[in-house]
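1. Pasting the sequence and the predicted model now:
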Amino acid sequence: MDICLTAHAQIRGAQRNITPENIDLVLRYGKELHRTGASFIFLGKRDIPEDLRNDDQMRKLEGTVLIISEDSNHLITCYKNRNALREIKKKSKRRRQQPNSPMDVTGSDRRLDNNGG
């Protein structure tokens, strides 16, 4: 999967010591969940292949989460949290609908005044 890093993801990755090579490994071995209009890719201990579990780099990546925009394949942010899968599963599977605006397309105000008209 080809993804582009947003400026925010680059900053957060640098702050959290997550390199582009680490991101590739998480993309390759991580578990993908679709929630709230984004793809969450989580690398858990069980997702790491047996032959790589003793590798220091892979052990440090355990619990890494990537959040990718579903509509544009941009990496929004990345972080590490070994308990993140539990929190991700609690999120809504769909993006919340925005409430209807009281303004219609022409810009006129559709709200009723106190007299009902």
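-> Looks like it arrived, so ask away.
2. all contacts plus neighbour counts: C-alpha atoms, from now on.
-> Noted.
3. can you pull out the helices in this protein?
-> Assigned by DSSP state H, the helices in the chain fall at 7-15, 20-29, 56-61, 84-90.
4. Just give the number of residues close to residue 40.
-> 26 (other Cα atoms under 10 Å).
5. mind listing what it touches?
-> 32, 33, 34, 65, 66, 67, 68, 88 (Cα atoms under 8 Å, 6 or more residues apart in numbering).
6. now those residues as CSV including neighbour count and distance to residue 40?
-> Listed next are those as CSV, based on neighbours: other Cα atoms under 10 Å; distance: Cα to Cα, whole Å:
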residue, neighbour count, distance to residue 40
32, 15, 6
33, 15, 5
34, 19, 6
65, 27, 7
66, 24, 6
67, 22, 5
68, 24, 6
88, 18, 8
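7. for the protein, what spans make up the strands?
-> Ranges of strands within the chain are 4-5, 31-35, 38-43, 64-69, 74-80, based on DSSP state E.
8. The ones you listed: lowest mean pLDDT?
-> Out of the strands of the chain, strand 31-35 stands lowest, with a mean of 88 (criterion: mean pLDDT).
9. Sheet partners, orientation included, of that one?
-> The strands that strand 31-35 pairs with in its sheet are strand 38-43 (antiparallel) (by DSSP bridges).
10. Bridge partners for residue 66, pull those for me.
-> Judged by DSSP bridges, the bridge partners of residue 66 are residue 41, residue 78.
11. between the contacts of residue 40, which is nearest residue 21?
-> Within those, proximity to residue 21 (Cα to Cα) peaks at residue 66, which comes in at 13.1 Å.
12. Isn't that closest one up against residue 41?
-> Yes. Counting by Cα atoms under 8 Å, residue 41 is a contact partner of residue 66 at 5.1 Å.
13. So for those two, which residues contact both of them?
-> Counting by Cα under 8 Å, 6+ apart, the contacts common to residue 66 and residue 41 are residue 26.
14. Thank you, goodbye.
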